[in-house]
Structure formats: structure tokens, C-alpha cells
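**Q** Predicted model and sequence follow; I will ask about them next.
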Amino acid sequence: MRIYSTLILVGAASLALSSAPAAATGAIKCKAGPVSSWKSQDVLKAKLVKEGWTVRKSKVDGGCYEVYGTTPEGDRVEAYFHPVTLEKLYVARRGEVLFRKAGY
Amino acid sequence: MPFDSSLASECMLRIILNKKATFWLLLSIPALLMLREYGAGNAIAMDMLHPTGEWSARFMIFAMILSPTVTILGPRPWLGWLVQRRRALGVAAFCYAVLHLIFYVVDMGNLDDMLAEFWALGIWTGWAAMLLFVPLAATSNDSSMRALKAGWKRLQRLAYPAALLVLVHWIFVHNNLGPALVHFIPLILLVAARYFLSPRPQTKGA
């Protein structure tokens, strides 16, 4: 009984301390080839701002550029863009996909 | 008895460590570090969501694993020390949840956007958990404990549905099981272990 309890405690503690690797949210994947051929995130941001977006933050996720911001229509979203063509591939707010390009 | 300076300094250390204020200071360290990053402009409101929420869940889980741990291990001085400070852990969980909510509101910036995503599973569960946290935190003081008598313990059991809501919130806001389970599995195991292993009555604590 005491041994079981101790085992459970040790198991619980080791689980608590082991940090799981943070997986990418990866809503979609872009197989866009070598990074050297990608356009920069600044180019994407400038393009989006010109189109009426507000960009809060951008990063690479699933081989795509992931942008957090507000669309020209005023929706607060998370959006994915192709890093070479800068084409819009996926737009979602929490709990609802607003746009998904065919094939992605 | 001759004056023993090492004994005296150990005594001082003990007194400082046992001060409630020291414990509060300890609990506020993660917040101070986070807020410093935010203040320095290294983090935007969006970046504050994850750490504030994670620390809120950690303190909640920490507060909740104490009594099953006491039931399983039996009374221990270090456990008793922590059980005496359990209410502070709960209040800290609430304070980090409030920070989490504040940064959410700042990040979203307007009511329309918050309403648009309200019914997402990862969102309404967070609001509901926050709602349950309010009476828990509001009664985490001596006078409420005296006034509510046995009802206080019943009320504080709202922590269990709140924990379940937090778990669902965490999983679905990230669409990711791993990190949420790493935090919650110890709680689930310990609560289950207490349920299955122990015929002993629960140990009381504040």
C-alpha cells in the first residue's frame, strides 16, 4: 500500500516535471521548398497592411507564414500564407475556419 | 548558553521563510518576471496569454494535489507547511487567471471580436472557469470560513468542475493535448488514488 502510494507520487511528480515538446499548432502545411527561396515576413506584412489588415504578430508554422491579426473585414483571426507566393491559404478565428484554399 | 550565530541565522531564516508575506512574494515571482518582459516591450499582450494561464493552472493544481497527497502519504511536516498555505495558492491561481483575462481583453481589443469566438469550446470553458473562480477566491479568507462553516468546504469543491473547465479550455484553445495533460495527469492520478486507496477520512486544512 505504502509502496503503491509512493510509486504513484513518483509517477505523478515525474510526469509533472517532464516537459512535453511543444508541438506546432500546424493548422495547415506548406511544402514550399528551401527557406532561401522564401520572401521575407516583412514583405508579407507590408502587403497585408496595404490590403487593410492589422498584423499583430507573424511566425513560421508548418512551413507557412502564420499571421495573427485583423482582416480588412474586421475579423480577429489567425491566418496562413504561402512563404513563396504569399498567397492566402487559411483563415480562422478560434473555433471557426473562415477560409481554406482548396488542396490545403 | 553561549550565543550561537549559526543557530541565530538559521532561526532568522526560518522566521522569514515562514512569514506569509514571503510566500506571497514567492507566488508573485512568475508574474513579476512576465510583467517585466511586457513592460520592456519584449512581449505583446498576446504573448502574455500562455504564461499567465499556465501559472494559474499550475497554482490551482498545486493547491488541489495537497490534500490527496496528505491522504496518501500521511501527515508530514512539509506537507502541513504547504497545507497551511493552500488558500494562498488558490488565491494566486485566481490572480493569475485575472491577469490572463486582462491580457485577453487587451489583446482582443473589442467586444465584437470576443463575442464572435465566445462559443468556441476553448473559449467559453475559460470564461466559465473564471466565473467559478470568483466565489472560490472571494471566500478564501478567515471570516468567510467562519461564516460559511461546513458550507465553506462544499463551496470550495467548485474547484473540481473549475479544474475540468480549465483542462478543456487549455486543450481546445491550443488544439493540443500534450502540455495540458502533462499538468493535469498528476492531479487526476492523485485524486483517483485518494478515491481508490484511502478509507481514511480527509485531513482538514485551510
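**A** Perfect, I can see it now. Numbers count the residues shown, from 1 in each chain, chains lettered A, B, ... in the order given.

**Q** alpha carbons only for contacts and neighbour counts from here, please
**A** Will do.

**Q** mind showing which ranges of the chain have poor pLDDT?
**A** Using chain A. Applying pLDDT under 70 to chain A flags the ranges A:1-26.

**Q** wait, I meant chain B there
**A** If you take pLDDT under 70 as the line, chain B has these spans: B:1-3, B:198-206.

**Q** From the contact counts, what lies against the longest helix belonging to it?
**A** When chain B is parsed with DSSP state H, its longest helix is helix B:45-73. Here helix B:45-73 touches helix A:2-17, helix B:20-39, helix B:77-83, helix B:86-108, helix B:159-174, helix B:178-197, going by 3 or more Cα pairs under 8 Å, 6 or more residues apart in numbering or on different chains; DSSP states H and E.

**Q** Show residues contacting the helix or strand just after the fourth one.
**A** Translated: helix B:86-108. Next helix or strand after helix B:86-108 toward the C-terminus (DSSP states H and E): helix B:111-116. For helix B:111-116, contacts defined as Cα atoms under 8 Å, 6 or more residues apart in numbering or on different chains pick out A:75-76, B:105, B:108.

**Q** With distance to B:Val191 and neighbour count as added columns, please give those residues in JSON lines.
**A** Output for these, formatted as JSON lines (distance: Cα to Cα, whole Å; neighbours: other Cα atoms under 10 Å in any protein chain shown):
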{"residue": "A:Asp75", "distance to B:Val191": "42", "neighbour count": "17"}
{"residue": "A:Arg76", "distance to B:Val191": "39", "neighbour count": "27"}
{"residue": "B:Val105", "distance to B:Val191": "34", "neighbour count": "16"}
{"residue": "B:Met108", "distance to B:Val191": "36", "neighbour count": "17"}
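
**Q** which one of those is nearest B:Leu35?
**A** B:Val105 (16.0 Å; Cα to Cα).

**Q** what's the closest non-adjacent residue to that closest one?
**A** B:Met114 (7.9 Å; Cα to Cα, 6 or more residues apart in numbering or on different chains).

**Q** ok, now B:Ile123?
**A** B:His169 (6.3 Å).

**Q** Burial check on the one you found, number of neighbours?
**A** By the criterion of other Cα atoms under 10 Å in any protein chain shown, B:His169 has 23 neighbours.

**Q** what residues are up against it?
**A** B:121-126.

**Q** And these, which two are furthest apart?
**A** That would be B:Leu121 and B:Gly126, which, of those, are the farthest apart (Cα to Cα) at 8.8 Å.

**Q** Which two of the contacts of helix B:111-116 have the greatest separation?
**A** Longest span within the contacts of helix B:111-116, Cα to Cα: A:Asp75 and B:Val105, 15.2 Å.

**Q** Close to chain A: what parts of chain B are there?
**A** B:69, B:72-73, B:108, B:113, B:117, B:119-123, B:173-176, B:178-179, B:182-183, B:185-187, B:189-190, B:193, B:197 (Cα under 8 Å from any Cα of the partner chain).

**Q** mind redoing it with 6 Å?
**A** Residues of chain B lying close to chain A by Cα under 6 Å from any Cα of the partner chain are B:117, B:120, B:182-183, B:186.

**Q** Can you classify A:Tyr68 as helix, strand or coil?
**A** Following DSSP: H, G, I helix; E, B strand; the rest coil, A:Tyr68 is assigned to strand.
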